[in-house]
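Asker: Sequence unavailable; structure follows:
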């Protein structure tokens, strides 16, 4: 298990949901959506495709029983393409980590008021231009994250 996935494993102490955000028309920016759509094949009730506007799903997310939420999104920056980073939502800088960081920072208040612990699972993007395809490195990381969450949900269902 790679280091970011170990970090994720250490964060999971209860049932959780996974929310993907991004724009499927902009190459690597579709990483979050790609991840949750893969997860929906196995556990449709635990994965939410929020598209480009997570703010439209705030009440759907805060109204759920799960207090642990993972948001999967593409990262902007100069790291290695496909690199996975984990950050508590309230620890995000006001700019720069996620392609949606400003809206994520603003909606963190809603999550806190609802008693949710929220983490960003970011995948370093390379090409987010309109019409680009998701690159192999980003797709590989998104596949790893989806399989990780599917495995953890399977474990949780077996222990309940």
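Answerer: Here it is on my side, so go on. No experiment lies behind these values; they were computed from the predicted model shown.

Asker: Could you pull out the strands in the protein for me?
Answerer: For the chain, strands defined by DSSP state E occupy the ranges 16-20, 47-49, 68-75, 84-88, 117-124.

Asker: quick one: strands adjacent to the last one?
Answerer: Using DSSP bridges, the strands paired with strand 117-124 are strand 68-75 (parallel), strand 84-88 (antiparallel).

Asker: and the angle from it to strand 16-20?
Answerer: 40 degrees (axes from the mean of the first three to the mean of the last three C-alpha atoms, to 10 degrees).

Asker: Show me where the protein has its helices.
Answerer: Secondary structure of the chain by DSSP state H: the helices cover 3-11, 31-43, 58-62, 101-113, 136-159.

Asker: Return the set of buried residues in the helix or strand of the chain with the lowest mean pLDDT.
Answerer: Sorting the helices and strands of the chain by mean pLDDT, DSSP states H and E puts helix 101-113 at the bottom, at a mean of 75. For helix 101-113, a neighbour-count test (16 or more other C-beta atoms under 10 Å) marks 101, 104-105, 107-108, 111 as buried. Just so you know, the C-beta spots here come from the backbone N, C-alpha and C atoms, and that holds for glycine as well.

Asker: Can you pull up the most central residue in the protein?
Answerer: For the chain, the residue nearest the mean C-alpha position is residue 72 (1.3 Å; C-alpha atoms, centre = their mean).
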